[in-house]
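Asker: Output the structure for:
(one chain, ligands or ions: 4)
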Amino acid sequence: MKCRKCGHEAVINMRQHKLALCGEHFLEWVPEQTQRFIEKYKMFTPDERVLVAVSGGKDSLSLWDVLLRLGYKADGMYIGLGIDGGVDYSNQSHQMCERFLSNLKSQMANVKSETPGPGHGDSGWEPTLHVVDIAEMYGETIPDVAARTTRGRSKPCSVCGLIKRHVMNRVARDGGYDVLATGHNLDDEAAVLFGNTLAWNAGYLLRQAPVLPADKPGLARKVKPFCRLYERESAAYALVRGIEYIYDECPFAEGSTSIAHKEILNQMEKDSPGTKLQFYLSFLRAREQGLFAEHAGQVELNACEKCGQPTSAPGLCAFCRLWERRRTDALQIL
Ligand code: AMP
Ligand code: FES
Ligand code: ZN
Ligand code: ZN
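Answerer: Ligands and ions are numbered 1, 2, ... in the order given. Here you go, the predicted structure:
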């Protein structure tokens, strides 16, 4: 298979786009596509400050890399969840993020010394990685919190999602960022969409989008610049670009419905290339036309009494209630 642009050996054939590219042209194509989506969905502008949530996996590290190559001022944020799962999962993923940043800084230092002129190196700005360790900050790891709450008893994923969303919002707000970017790719989005469609959950369908505007003042907009990039493409980007990432999935993800949905969608994609993309794009069009809006109803949001983040509950938000329960339990033991 030959690269469509230069005729050299291709490293990837994207059947859904009828496009094969060599390494060099693929490394150009991914940022071009990402920039197109950033503009199309009005995610952010070059003067806005972006915070990228990095998990140490291929999608979020590739995203950080692409945004920096495109010239955006993007910092990273890693949340230490305290998950071991027999593979030292959280420590390994943290290390991948730190390694990515130190490699990047040495590359930037080289570029700076070799090419005087405008660019990141000369603006004085350097990307940083914010690290929040849940156990250090709140006294318990995710598996610990999950074990003592009904929400997490069968699997920690729901508690984990709640905590991650809260912490991401807080770091974005405290750091004065305009936008919070996550590495969700097309496979993630199509799988979530599949699950929400099976349940016809109009509320969730309404809230699934490439851009979620800030709910309240002080909260960052949430964006997914890779939402139209296949997982296979983001993995190929990391590989060709030489980005080291953690191969292991979170140990708790094993057997999850979203993985089962991904497998079903992959089977359909194999039989008919482009199925996942069409599924997602048709949904976005339907959503744009207001298909789910009138059924979802408007939920009234208040500021949580403790942390100030928006919540549909009166008083404390679900995140603060998690830790409040721990305090009450501890008092009962005394
Ligand atoms: P997941 O829910 O694990 O598929 O992750 C979706 C996105 O959430 C990733 O692409 C990251 O942007 C972000 N993310 C997941 N885990 C973490 C973490 N531990 N720290 C920071 N960001 C994360
Ligand atoms: Fe949170 Fe797996 S990443 S439970
Ligand atoms: Zn080429
Ligand atoms: Zn709260």
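
Asker: Surely residue 191 touches residue 265?
Answerer: Yes: Residue 191 is within contact range of residue 265, at 6.4 Å (criterion: CB atoms under 8 Å). Placement of C-beta: from N, CA and C, glycine included.

Asker: So for these two, which sits in the more crowded spot?
Answerer: Neighbours were counted for residue 191 and for residue 265 using other CB atoms under 10 Å; residue 191 has more, 24 against 20.

Asker: which element is the more buried one on?
Answerer: Using DSSP states H and E, residue 191 maps to helix 186-198.

Asker: Show me the contact partners of that helix.
Answerer: Helix 186-198 has contacts (CB atoms under 8 Å, 6 or more residues apart in numbering) with 59, 204-205, 208, 224, 226-231, 257-259, 261-262, 264-266, 276-277, 279-280, 283.

Asker: Next: stretch 68-78.
Answerer: Identification of contacts with stretch 68-78 by CB under 8 Å, 6+ apart yields 31, 34-35, 38, 44, 46, 49-56, 64, 67, 93-94, 97, 100-101, 104, 120, 125, 127-132, 168, 171-172, 175, 177, 181.

Asker: Pull the distance from that stretch to the chain's centre.
Answerer: A distance of 13 Å separates the centroid of the chain from that of stretch 68-78, by CA atoms, centre = their mean, to the nearest Å.

Asker: ok, residue 275 touching residue 269?
Answerer: Yes: the criterion here is CB under 8 Å, and residue 275 meets it with residue 269 at 4.9 Å.

Asker: Tell me which of these two has more neighbours.
Answerer: Neighbour comparison, residue 275 and residue 269: the larger count goes to residue 269, with 22 against 17 (by other CB under 10 Å).

Asker: per-residue confidence for the more buried one?
Answerer: Predicted confidence (pLDDT) for residue 269: 98.

Asker: Is it in a helix, a strand, or coil?
Answerer: With DSSP: H, G, I helix; E, B strand; the rest coil as the basis, residue 269 sits in helix.

Asker: show me the contacts for it.
Answerer: 16, 275, 276.

Asker: which of these lies closest to residue 144?
Answerer: residue 276 (36.4 Å; CB to CB).

Asker: Nearest residue to that closest one in space, please, no chain neighbours.
Answerer: residue 190 (4.4 Å; CB to CB, 6 or more residues apart in numbering).

Asker: How about the contacts made by the residue of the stretch 201-334 of the chain found nearest ligand 3?
Answerer: Here the stretch 201-334 of the chain gets closest to ligand 3 at one residue, residue 240, 11.7 Å apart by CB to the ion. Listed by CB under 8 Å, 6+ apart, the contact set of residue 240 reads 11, 23, 26, 27.

Asker: again with residue 51
Answerer: 74-77, 130, 168, 171-172, 175, 177, 179-181, 220.

Asker: pLDDT and distance to residue 2 added to the residues you listed, as JSON lines?
Answerer: Shown next, in JSON lines, are the contacts of residue 51 (pLDDT from 0 to 100; distance: CB to CB, whole Å):
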{"residue": "74", "pLDDT": "97", "distance to residue 2": "34"}
{"residue": "75", "pLDDT": "98", "distance to residue 2": "39"}
{"residue": "76", "pLDDT": "98", "distance to residue 2": "36"}
{"residue": "77", "pLDDT": "98", "distance to residue 2": "41"}
{"residue": "130", "pLDDT": "98", "distance to residue 2": "43"}
{"residue": "168", "pLDDT": "97", "distance to residue 2": "42"}
{"residue": "171", "pLDDT": "96", "distance to residue 2": "45"}
{"residue": "172", "pLDDT": "95", "distance to residue 2": "44"}
{"residue": "175", "pLDDT": "95", "distance to residue 2": "46"}
{"residue": "177", "pLDDT": "95", "distance to residue 2": "43"}
{"residue": "179", "pLDDT": "97", "distance to residue 2": "38"}
{"residue": "180", "pLDDT": "98", "distance to residue 2": "40"}
{"residue": "181", "pLDDT": "98", "distance to residue 2": "34"}
{"residue": "220", "pLDDT": "85", "distance to residue 2": "43"}
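
Asker: Following element in sequence after the helix holding residue 191, please.
Answerer: That would be, after helix 186-198 and using DSSP H and E, helix 202-207.

Asker: Next, count neighbours for residue 95.
Answerer: Neighbourhood size, residue 95 [other CB under 10 Å]: 15.

Asker: and the gap between the residue nearest to it when sequence neighbours are not counted and ligand 3?
Answerer: Nearest residue to residue 95 in three dimensions, chain neighbours excluded: residue 56, at 7.4 Å (CB to CB, 6+ apart). To ligand 3, residue 56 is 30 Å away according to CB to the ion, to the nearest Å.
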